[in-house]
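>>> sharing a model that was predicted from the sequence below.
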Amino acid sequence: MARYAHSGTLSLASTFVVPEKTKRGAFSPQALTGFYRSLSEPIALIDVLSVGDSRFPVRYRVRNGKQDCDGSATVTTVTRGGRDFIHAIRAENGCESAVTVASWNAVPR
């Protein structure tokens with residue numbers, strides 16, 4: 001999703017998220033646009049693990065201005081119609097100071 005969002009194809013990026021969370025909140029096209037445009041560099045995905053059918057701990061690097069953060073989060077997915085969607089992203093280490101527009105903890109639940 002980050003690759004598509006940073007490249008400007010936010011309509012494609014939002015298709016990776018459960019549809020009901022793209023209408024408003026952190027996964028809406030407006031929030032995604034603000035989030036990715038606020039970053040100095042694209043989010044770099046460092047590592048993804050699978051700890052079950054629908055939970056994926058991830059490590060990433062994000063830069064906003066002069067602030068760097070090596071972050072971690074858990075991505076939860078759901079399968080609908082044979083397709084996987086992002087249901088939630090929960091930050092786990094305080095990278096919110098480096099990400100000012102749409103923090104990972106702002107995910108609607």
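Perfect, thanks for sending it.

>>> low-confidence ranges, the protein, go.
1-11, 94-109 (pLDDT under 70).

>>> what ranges do the helices span in it?
Applying DSSP state H to the chain gives helices spanning 2-6, 10-13, 29-38.

>>> may I see the buried residues of the lengthiest strand in the chain?
Ordering each strand of the chain by length in residues (DSSP state E) puts strand 67-80 first. Using 16 or more other Cβ atoms under 10 Å as the test for burial, strand 67-80 gives 69, 71-75, 77. Every C-beta, even on glycine, is put in place using the N, C-alpha and C of the backbone.

>>> count of neighbours near the residue lying closest to residue 44 once chain neighbours are set aside?
Spatially, and ignoring its direct neighbours in sequence, residue 44 is nearest to residue 61 (4.4 Å; Cβ to Cβ, 6 or more residues apart in numbering). The number of residues packed near residue 61 is 16, by other Cβ atoms under 10 Å.

>>> residue 93 is in contact with residue 61, correct?
No. With contacts counted by Cβ atoms under 8 Å, residue 61 stays clear of residue 93, the gap being 11.9 Å.

>>> mutual contacts of those two, please.
Here residue 61 and residue 93 have 69-71 as joint contacts, going by Cβ atoms under 8 Å, 6 or more residues apart in numbering.

>>> give the contact list for the residue nearest to residue 44.
Shown in contact with residue 61 (Cβ under 8 Å, 6+ apart): 43-44, 46, 68-71.

>>> for residue 78, same thing?
With Cβ under 8 Å, 6+ apart, residue 78 has these contacts: 18, 54, 84-85, 87.

>>> returning to what we had before: need the buried residues of strand 67-80 in JSON lines (columns: distance to residue 39).
Listed next are the buried residues of strand 67-80 as JSON lines, based on distance: Cβ to Cβ, whole Å:
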{"residue": "69", "distance to residue 39": "11"}
{"residue": "71", "distance to residue 39": "12"}
{"residue": "72", "distance to residue 39": "17"}
{"residue": "73", "distance to residue 39": "15"}
{"residue": "74", "distance to residue 39": "21"}
{"residue": "75", "distance to residue 39": "18"}
{"residue": "77", "distance to residue 39": "23"}
